[in-house]
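> Test case, fold it:
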Amino acid sequence: MSPPARPAVVLGVDLGTQSAKAVAYDVAGGAHASAFAEYALRSPAPGREELDPEEVVAAFLGVIARAAAAAEGAGAVVSGVACSAAMHTLVGLDAAGRPVTAVLTYADTRAIAEAAALRGGPSAEGLHARTGTPLHPMSPLAKLRWFSTHAPATAQRVASWVSVKELALRRLFADRVVDHSIASASGLFDVHTADWDDEALTLAGIDRTMLSRPVPTMHVLAGLSPAAAAAVGLPAGTPFVIGASDGALANLGAGAVDEGVAALTIGSSGAVRTVVDAPETDRRGRLFCYALTTKHWVVGGPVSNGGLLLRWLRDQLLPELAAQARAAGEEPYHRFDQLAAGIPAGAGGLLFLPAFTGERAPRWDPTAGGALVGLTRTHGRGHVIRAAMEGVAYQLAAVVAAIIDVGRGIDVVRATGGFTASPLWLQVVADVLGRPLEVPRAAEGTCLGAALLGMQALGMADAFETARECITVERTVRPIPAHAARHARLLPAFTAATEALAPTFSTLAAERRPSGGFSPAAIGEVTGSNGEERAMAGDDEWYWCLQHGTAERREGCRAADRLGPYASAEEAARWRERVDARNERWEDADERWSGEGRGGP
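Numbers count the residues shown, from 1 in each chain. Model (predicted):
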């Protein structure tokens, strides 16, 4: 008797803002193996939210290799890989394909002035109507204008501008392509013609030779070389499907692909999206329109702050609570749930405005900030945690209202993302929206969506029919009427507080931005830890030459004749003296440690 056939699986891989994940799925949507890796979202200067390109690429390759090995160990055969990634990322590469800049994420707001100029300019309405991307600092269009104005020397070293997905795939394939979905979130791509937009390119100060060739989301990358295959633990020739953006694929992975069905996601950030059969944009500029396939688009709105808020509470405000939870063998977020669950809906009259990294839909205010409103002596840690969850939910409720306002009915809401692991947060969102939340069995929908799209591209299954058939609702969280009524009273107060504090946030944001340059104090200290010297430098050239403690890069720092537009001559001179002093210590350390194979003190 012959052994049973080994199930064929596709790895759905997602490069997020703070982590990478790969999951092996079969054609029935069953998960066979997974792998996960975190990386740091760095804030080297005010308004900057960046990733280390090499960290992200290493995580990408690592999760593929580990998930593939685990799938093979579970008796499956990996038939291909399909990719998802965060939107609005930007990284500059030199002619050899080496990163010249950090990876700028959606949360990076350095291009506030450039985005404001675009929004107030004569091209604003036409740009949004053609590209579907709101004019906001998250947009690579605005970021490119920032580089042209503030870091021209860095921009001149760039041969090509890519997204984080392109960066990762270029380590494996020679093809210089970008999927329509990621391209449509750049502000540079016409969603109606499926090509780069000439006016947007002119405004960005680049030409199309500096960008990858746009291809449909089911484009198959072939020719995985033996060397590249070894890096990901797969056979040479394994096909990779370029895939789409994380937001678009979350809808597919949640089965939210039909009219009236919306996907609500909370990961690091959050969003509400619905699928439409033709590109359409909101005349008021509140919503986006991004590609999923050549026949499907997603319309919706993102919020900038979701899980980022609870991670901040865990790491910055309540680290001792997190440490206690870990010491007890408990997940810190579970402890958060326990504390917040003991607080009534409405957090005892405490509002948490969650805009830690500015805010996007529906107001698109990059200068917005976070705030606790109504704080009293009676409020404790549980109140703050619950108010944070409620604040994110209030912001998402505003996006739902905007989608309904443009004529898109929402009958069903499917919940996806990391927040589905929190029963309390699910209940809070259902209560705030005043409508049930359906939680699919595979609540991490992005990887599943990527895998389904990959299966269709590889001729294994129809992605949309499979999504409808195999994605089952595991549970439905219904709003508690008394809680929903209380949130209905508090939501206008949340909106009023957001609007009333907008001028204050704008003033404070201006204070955080340096006037005439970053001082050495703002640039920060160079620290040494396990061979990683990190400089919180204001200029990308200095940031990258100091970030890793190689003698070549340190010499580049010492030889640099300026700090760019961020510092006065006196500040630059003082900083250079500090670098010279550190160079001497580093060189001594290199001599002492060279025989031990270490990279620095």
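
> so how many other residues sit close to residue 131?
Residue neighbour count, defined by other Cβ atoms under 10 Å, stands at 30 for residue 131. No exception for glycine: its C-beta is placed from N, CA and C like everyone else's.

> Distance check, it against residue 194.
To residue 194, residue 131 is 12 Å away according to Cβ to Cβ, to the nearest Å.

> got it, and residue 265?
Residue 265 sits at a distance of 25 Å from residue 194 (criterion: Cβ to Cβ).

> And those two? Which one has more around it.
For residue 265 versus residue 194, the count of surrounding residues by other Cβ under 10 Å is larger for residue 265: 31 against 16.

> What helix or strand is the more buried one located in?
Following DSSP states H and E, one finds residue 265 within strand 261-266.

> For stretch 222-242, give the mean pLDDT please.
Throughout stretch 222-242, pLDDT has a mean value of 95.

> what residues does it touch?
Taking Cβ atoms under 8 Å, 6 or more residues apart in numbering as the criterion, the residues outside stretch 222-242 that touch it are 10, 61, 64-66, 68-69, 78-83, 165, 169, 171-174, 177-179, 215, 217-221, 450, 453-454, 457-458.

> Mind doing that once more with 6 Å?
Around stretch 222-242, the neighbours that count as contacts under Cβ atoms under 6 Å, 6 or more residues apart in numbering are 61, 64-65, 68-69, 80-82, 172, 179, 219-221, 454, 457.

> Please flag which of the residues you listed sit within strands.
With strands taken from DSSP state E, the overlap with the contacts of stretch 222-242 comprises 80-82, 179, 220-221.

> the domain parsing of the protein - what is it?
Domain assignment for the chain, taken from automatic domain parsing, gives 257-444+466-511, 520-596.

> Using TSV, please lay out those together with mean pLDDT.
Supplementary listing: the domains of the chain in TSV, determined by pLDDT from 0 to 100:
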stretch	mean pLDDT
domain 257-444+466-511	95
domain 520-596	38
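
> how about these in CSV, adding distance to residue 87?
Compiled in CSV, the domains of the chain are given as follows (distance: least, Cβ to Cβ, whole Å):
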stretch, distance to residue 87
domain 257-444+466-511, 7
domain 520-596, 21
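
> Could you say which of the ones you listed is packed most deeply?
Among those, the stretch with the highest mean neighbour count (mean count of other Cβ atoms under 10 Å) is domain 257-444+466-511, at a mean of 19.

> Mark which of the contacts of stretch 222-242 are buried, thanks.
The neighbour-count criterion (16 or more other Cβ atoms under 10 Å) marks 61, 64-65, 68, 80-82, 172, 179, 219, 221, 454, 457 among the contacts of stretch 222-242 as buried.

> What is the neighbour count of residue 75?
Other residues near residue 75 come to 12 when the count uses other Cβ under 10 Å.

> how about it, phi and psi?
Main-chain torsions, residue 75, degrees, to the nearest 10: phi 90, psi 10.

> isn't it right up against residue 7?
No - no contact is recorded between residue 75 and residue 7 when judged using Cβ atoms under 6 Å, the distance being 7.3 Å.

> Confirm residue 409 sits in a strand?
No - in this structure, residue 409 is coil, not part of a strand, as judged by DSSP: H, G, I helix; E, B strand; the rest coil.

> So it sits against residue 260, correct?
Yes - distance between residue 409 and residue 260: 5.3 Å, which falls inside the contact criterion (Cβ under 6 Å).

> Quick one: residues in contact with stretch 395-410.
Contacts of stretch 395-410 with the rest of the structure, by Cβ under 6 Å, 6+ apart, involve 260, 262, 270, 272, 274, 282, 286-287, 301, 303, 361-362, 432-433.

> So residue 249 sits against residue 449, correct?
Yes - using Cβ under 6 Å, residue 249 and residue 449 qualify as a contacting pair, with a distance of 3.2 Å.

> Between those two, tell me which one has more neighbours.
With neighbours defined as other Cβ under 10 Å, residue 249 and residue 449 compare such that residue 449 has more, 37 against 33.

> could you give the angle of whichever helix or strand that one is part of to strand 261-266?
Under the assignment given by DSSP H and E, the secondary-structure element containing residue 449 is helix 445-457. Our comparison of helix 445-457 with strand 261-266, counting by axes from the mean of the first three to the mean of the last three Cα atoms, to 10 degrees, yields an angle of 130 degrees.

> next helix or strand past helix 445-457?
Towards the C-terminus, the helix or strand next in line after helix 445-457, according to DSSP H and E, is helix 463-470.

> how much does that following helix deviate in direction from helix 445-457?
Put simply, helix 463-470 runs at 120 degrees to helix 445-457, going by the same axes, to 10 degrees.

> What are the contacting residues of helix 463-470?
Identification of contacts with helix 463-470 by Cβ under 6 Å, 6+ apart yields 28-29, 252, 255, 257, 452-453, 456.

> After that helix, heading C-terminal, what element do we hit next?
The element immediately downstream of helix 463-470 (helix or strand, assigned by DSSP H and E) is strand 473-477.

> What are the contacting residues of that next one?
By Cβ under 6 Å, 6+ apart, the residues outside strand 473-477 that reach it are 426-427, 430, 436-439, 441.

> try it again with 10 Å
By Cβ atoms under 10 Å, 6 or more residues apart in numbering, the surrounding residues in contact with strand 473-477 are 254-255, 412-415, 420, 423, 425-431, 436-443.
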